[in-house]
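>>> only geometry, no sequence info:
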């Protein structure tokens, strides 16, 4: 009996190893909104390896913080999970979420393929585990595809191109949110009409857009 | 002002003489009129008296009430009464600006020698070639004729800058004949300040300030550099062309800006290059505590429709140091020029918020004459923040600077009590713990505003989101350490975050603690039990002492059991802190020593 039980298992191991890992081409942000809530904000990370922060709530009160990292591969997603778990002072137990995950009614995090998700309840009474399961299903159903965006081009401004008057920075239309990385004597700030670069001194200024698209993909590192 | 000392009109007895009116007339023609040579009123003034034929001398004498000795029989020479004289007072104010705030009238003073006469009256007339501006009944006493002019014409309108003549007349009585006159040249000027720069003097430094938003747009950073003037007065682009820095188009003095107190946004002006108000503004500045300040005022004499039109022309004006300051160099009032004063002591000796008022007063004189105070003043109020120093983040530039809202908050917490970094950091811990309405995440102790994307390195604090409470008010220790660290860094304290972990176990036990937002001490901050932390984050300076706003310790020496003595870690030695925090204190290691990165 033992032999007959082990043989099929032995067959399965190489089969599983041979299977191509699924790499999702991101997840549609509009499919992540928990029932009864609305998305209050999306914050792009300042570095590609960091998660995108989504905030949900009823009305204007934030209730759920959802961090999503669409990593280039599963290893990247698991790294994000390990990092996140460390910052929870009293981590919840493991839970049947994704490929691996932990959580309870107040906090949950998991990895499904190349996607890391963390859900943190900061107000209200939403069942975080139920929300996590719903998001896990969305991730699992997300189609394969490119997990990252092409790196944004760097733009340089000399003293003549960027003077006292701030210069608008155009974003690709398909970006959901973005941050600007500015090198040189200048800084970026948001206005009602979009981002601008403000010079603080003479010298070359270089700007790069760090964006996230509607599938929560960031630029390749 | 030019003073012209006028000879008094000769008393009737002197020119009347024994030979009747003819010699008197000749004398008058030869000597000129007894009053000022340019007296336009010569035909109606006192000089008419000598040539009135003398027939009414008795009547005149009766009306004058003077000391004239009446002849008894016409055969005896009358004793001439002493002459009445009037002259501009030595300290007559030569120039003034009736539009100065607090201007309470232009004191016009003339010296009078009544020659022993009584019942006299005086009158001061202010005129230009175009006509009389104002006529004032003066107050006459034994030695002077004084009047106060409000700087307005008969219609109540401000008199435009320029020279004018003040004529004092001493009359026999109100409405009576003029016995003496004197003139003085005065000058209406416009004395203003259209910019004030504040820079450090021989001690201290000014630091950059940052608004985190602009007009409600998050991440709308607006940097206010430490070398930018914080106070300005100027015409807005939307105003009519006649408007100038000091005045609105109708000549009304432009109101001085009060200190800007919106902590979330600078003042806005769509017409400026960057959307911030650049015309008329009064922004706060931040200084290392104990700084000596130098205030440099840019001077202006602009009047509506005539830039520079109120400049002193024939007079000299100088600026006086505000109380508590002294002039750096000279203080001549020269439109387009500057004058600098230096504080005698630091107006911000500690970490605090201060509204520093500078009262700019003036003095005027004729060239070579005595300086005379000009009524009124310009009071500029400047909001100053005392901080420990410039921001201490490892990262530089926006947003790693002192945020106005944070500095204002910390200044309120410290309120001038100290500039010592350790004590200031302690006040920050107390302020965060007690006043921000935060509560420890009693579910899992998960962070809301912090992230460690690379192990425990490169800790990120979402400062902008926190200031807006974008993610609510439930926090964990990393958030609290981020808040304390970021706030401390912003006011110039070198404060880093540290991570506490057990050296060989996954987490450590907790003694009785009282987490932020909790009312009682407990062995566990968590709803579902579990009196342990997998890690803990605190803040501290390079000396290793611990600052923690996440929780209060039981500081009675027996932290494992009631009763409890509330103790916030405000610079506790690590060993003391760990002993109070955990019964596993011997196994806890304190690692990492980094400033947070703001996002």
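Here it is on my side, so go on. Bear in mind the structure is a predicted one, so any value in this text is a computation, not a measurement.
>>> When you work out contacts or count neighbours from here on, use the C-alpha atoms and nothing else.
Will do.
>>> tally of neighbours for the residue in the stretch 301-450 of chain B positioned nearest to chain A?
Per CA to the nearest CA, residue B:446 is where the stretch 301-450 of chain B lies closest to chain A, at 4.4 Å. Neighbours of residue B:446 under the rule other CA atoms under 10 Å in any protein chain shown: 29.
>>> what stretches of chain A score poorly on pLDDT?
A:1-19, A:221 (pLDDT under 70).
>>> what do you get if the cut-off is 50, keeping everything else the same?
Chain A contains residues with pLDDT under 50 at A:1-17.
>>> what does it have sitting close to chain B?
Counting by CA under 8 Å from any CA of the partner chain, the residues of chain A close to chain B are A:46, A:49-50, A:55, A:61-63, A:65, A:80, A:83-84, A:86-92, A:106-107, A:120, A:122-123, A:164-166, A:187-192.
>>> Show the pLDDT at the residue of the stretch 301-450 of chain B closest to chain A.
Looking at residue B:446, its pLDDT reads 94.
>>> circling back: just the buried members of the residues of chain A next to chain B?
Among the residues of chain A next to chain B, those that count as buried by neighbour count (16 or more other CA atoms under 10 Å in any protein chain shown) are A:46, A:49-50, A:55, A:61-63, A:65, A:80, A:83-84, A:86-92, A:106-107, A:120, A:122-123, A:166, A:187-191.
>>> So which of the residues you listed are in helices?
Cross-referencing those against helices under DSSP state H gives A:80, A:83, A:84, A:86.
>>> So which of those is the closest to chain B?
Nearest to chain B among those, with distances taken as CA to the nearest CA, is residue A:83, at 6.2 Å.
>>> hmm, back to that, of the ones in helices among the buried ones among the residues of chain A next to chain B, closest to residue B:547?
residue A:86 (21.3 Å; CA to CA).
>>> Could you pull up the residues touching the closest one?
B:534, B:535 (CA atoms under 8 Å, 6 or more residues apart in numbering or on different chains).
>>> From residue B:594, how far out is it?
From residue A:86 over to residue B:594 the distance is 17 Å, taken as CA to CA, to the nearest Å.
>>> Count the residues that sit near the residue of the stretch 101-250 of chain B found nearest chain A.
Closest residue of the stretch 101-250 of chain B to chain A, CA to the nearest CA: residue B:220 (4.5 Å). Neighbour count for residue B:220, taken as other CA under 10 Å: 22.
>>> and what of the one 5 residues further on?
Close neighbours of residue B:225, defined as other CA under 10 Å, add up to 15.
>>> Do a quick rundown of the helices in chain A.
For chain A, helices defined by DSSP H occupy the ranges A:2-18, A:74-86, A:128-141.
>>> what packs against the last one?
In this case it means helix A:128-141. strand A:107-112, strand A:115-121 (3 or more CA pairs under 8 Å, 6 or more residues apart in numbering or on different chains; DSSP states H and E).
>>> ok, and the closest non-adjacent residue to the residue of the stretch 301-450 of chain B closest to chain A?
Residue nearest to residue B:446 in three dimensions, not counting chain neighbours: residue A:88, with 4.4 Å by CA to CA, 6 or more residues apart in numbering or on different chains.
>>> just residue B:487 next, same as before
residue B:406 (6.5 Å).
>>> so the one you found, which of the three states?
With DSSP: H, G, I helix; E, B strand; the rest coil as the basis, the three-state label of residue B:406 is helix.
>>> can you tell me how far it sits from residue A:30?
35 Å.
>>> what about stretch B:545-554, average pLDDT?
98.
>>> In contact with residue B:389: list those residues for me.
So residue B:389 contacts B:205, B:207, B:287, B:288, B:289, B:491, B:492, B:493 (CA under 8 Å, 6+ apart).
>>> Among residue B:406 and residue A:30, which residue is more densely surrounded?
With neighbours defined as other CA under 10 Å, residue B:406 and residue A:30 compare such that residue B:406 has more, 21 against 11.
>>> hang on, that one packs against residue B:489?
No. Using CA atoms under 8 Å, residue B:406 is not in contact with residue B:489; the gap is 10.4 Å.
>>> circling back to that earlier point, residues touching the residue of the stretch 301-450 of chain B closest to chain A, list them.
By CA under 8 Å, 6+ apart, residue B:446 lies in contact with A:87, A:88, A:89, A:90, A:107, A:120, B:475, B:476.
>>> that older thread, which one of the helices and strands packed on helix A:128-141 lies closest to residue B:562?
strand A:107-112 (31.3 Å).
>>> residues from chain B in reach of chain A?
B:214, B:217-222, B:273-274, B:397-398, B:441, B:443-448, B:451-455, B:470-474, B:476-478, B:530, B:532-536, B:599.
>>> State the phi and psi torsions of the residue lying closest to residue B:312 once chain neighbours are set aside.
Nearest non-adjacent residue to residue B:312, counting by CA to CA, 6+ apart: residue B:189, 5.7 Å away. Main-chain dihedrals, residue B:189, degrees, to the nearest 10: phi -130, psi 170.
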